[in-house]
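# Attaching a predicted model along with its sequence, questions to come.
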Amino acid sequence: MSEGPLEAVREDGQVVWTQWCRPQEQALAGRQAGTDLGLASSLFGHAAARYDHSRPLPVHAHVRVGRDTADLTGLRVLLTADLLTRLAELGGLQVLITRAFTGDPAGQGAVERAATALGIHPPSLAAPLGTPPGKPVGMHVADDGAVGESDLGRIMIRVAPARLALDAHAARAATDLFGDHDPMAVRLALMSFPRHQIAELTAGVLASALETLGQWRRSVAGWAEYPSHAIPEWIAAAVRAAFGYVGIASALDLLDALTVDETLPPGARFETFAYTDRILGLDLARDIGR
């Protein structure tokens, strides 16, 4: 089966957003057609079926840390686990978040401080440094080399390495992962890369993320002045398709397209951004009323 597109198609048939995906991702997204906007039921359906919904769904983050403070891979692992958690909670699931660190203790502290700055959910449980993952249940998030599939044998979400580029070091303190860079811009920049691709956060990438963040916040504040409007089904379908395989970068592309689509009522755009921000965690409503 060849690659195929996920599309946002308005009622008039015009395609306003297209994202190409791999066959397995297209199939997963396709299973969501005709459902409500609750995303986690389809994304977590195969995992949640193993659990009583009155019990938490475990999400385990496996983080390797070192002394290189330009390495953001561990932070990217925690961010991905945070996005999974937000998706699950939005779908009504309880989540038990655990973290297992291996490597340098000083590096662990830097990653945890950065995670707090990025608004990442704190763990329900934190294993001591070097603790093995334990019983392989639930969903696991790790970088490409942190945990072998034979070690877990369950649902695994892998992320590629992430790094702060040399030209972005000037604003970085020696003990911090991203120093004076705006934490929400860093969060947006990390999410802008598909999780299977290496994320190199250059000064240009971070500046672009900061500019986009400001534009979206100003737009949301402006749209908030208009009457509320239901999210059209074609947008809901596109959101399900993008988030349905944890395609966060695809969802960001969709929001970019909606920002300039003047055919869409402002109230509908507000509701779309407000809903998706419950997953993205970018505080897009911050400027309302200012």
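Received it, and whenever you're ready, just let me know what you need.

# Count the residues that sit near the nearest residue to Pro183 once chain neighbours are set aside.
Distances taken as CB to CB, 6 or more residues apart in numbering place Ala117 nearest to Pro183, at 4.1 Å, with adjacent residues excluded. C-beta: built from backbone N, CA, C; applies to glycine. A total of 18 residues lie near Ala117 under the criterion other CB atoms under 10 Å.

# quick one: Arg67 from Gly289, how far?
44 Å (CB to CB, to the nearest Å).

# quick one: the helices in the stretch 101-250 of the chain?
Taking DSSP state H, counting those that start in this stretch as the test, the helices found in the stretch 101-250 of the chain are 105-117, 149-152, 183-191, 203-223, 233-243, 248-259.

# quick one, what contacts the nearest residue to His229 once chain neighbours are set aside?
Leaving aside its sequence neighbours, His229 sits nearest to Gly267 (CB to CB, 6+ apart; 3.2 Å). Gly267 makes contact with 223, 226-229 under the criterion CB atoms under 8 Å, 6 or more residues apart in numbering.

# By neighbours, which of these wins?
Result: Trp223 is most packed of the contacts of Gly267 (other CB under 10 Å), 23 neighbours.

# check contacts around that one.
266-267, 269-270, 273.

# now do Arg286
Arg217.

# Surely it is in a strand?
No. Read with DSSP: H, G, I helix; E, B strand; the rest coil, Arg286 is coil and lies in no strand.

# any idea which helix or strand carries the residue most central in space within the chain?
In the chain, the centroid-proximal residue (CA atoms, centre = their mean) is Leu83; its distance is 4.2 Å. Using DSSP states H and E, Leu83 falls within helix 73-90.

# What mean pLDDT does that helix get?
Helix 73-90 shows a mean pLDDT of 92.

# then that helix to PDB, C-alphas only?
What follows is helix 73-90, C-alpha atoms only, in PDB (Å, rounded to 0.1, in the frame of the first residue of the first chain):
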ATOM      1  CA  THR A  73      16.000  14.200  23.300                       C
ATOM      2  CA  GLY A  74      14.900  13.400  26.800                       C
ATOM      3  CA  LEU A  75      12.700  16.500  26.900                       C
ATOM      4  CA  ARG A  76      11.200  15.500  23.600                       C
ATOM      5  CA  VAL A  77      10.300  12.100  25.100                       C
ATOM      6  CA  LEU A  78       8.600  13.700  28.100                       C
ATOM      7  CA  LEU A  79       6.800  16.100  25.800                       C
ATOM      8  CA  THR A  80       5.500  13.200  23.700                       C
ATOM      9  CA  ALA A  81       4.300  11.500  26.800                       C
ATOM     10  CA  ASP A  82       2.600  14.700  27.900                       C
ATOM     11  CA  LEU A  83       0.700  14.900  24.500                       C
ATOM     12  CA  LEU A  84      -0.400  11.300  24.800                       C
ATOM     13  CA  THR A  85      -1.600  12.100  28.400                       C
ATOM     14  CA  ARG A  86      -3.600  15.100  27.200                       C
ATOM     15  CA  LEU A  87      -5.200  13.100  24.400                       C
ATOM     16  CA  ALA A  88      -6.200  10.400  26.800                       C
ATOM     17  CA  GLU A  89      -7.600  12.700  29.400                       C
ATOM     18  CA  LEU A  90      -9.500  14.700  26.800                       C
END
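
# and it with helix 248-259, angle?
Here helix 73-90 runs at an angle of 70 degrees relative to helix 248-259 (axes from the mean of the first three to the mean of the last three CA atoms, to 10 degrees).

# any idea of the angle helix 73-90 forms with helix 183-191?
In terms of direction (the same axes, to 10 degrees), helix 73-90 departs from helix 183-191 by 90 degrees.

# Which positions within stretch 212-224 qualify as buried?
Buried positions in stretch 212-224, judged by neighbour count with 16 or more other CB atoms under 10 Å: 212-213, 216-217, 219-221, 223-224.

# for the record, mean pLDDT for that stretch?
On average, stretch 212-224 scores 96.

# Thank you kindly, that will do.
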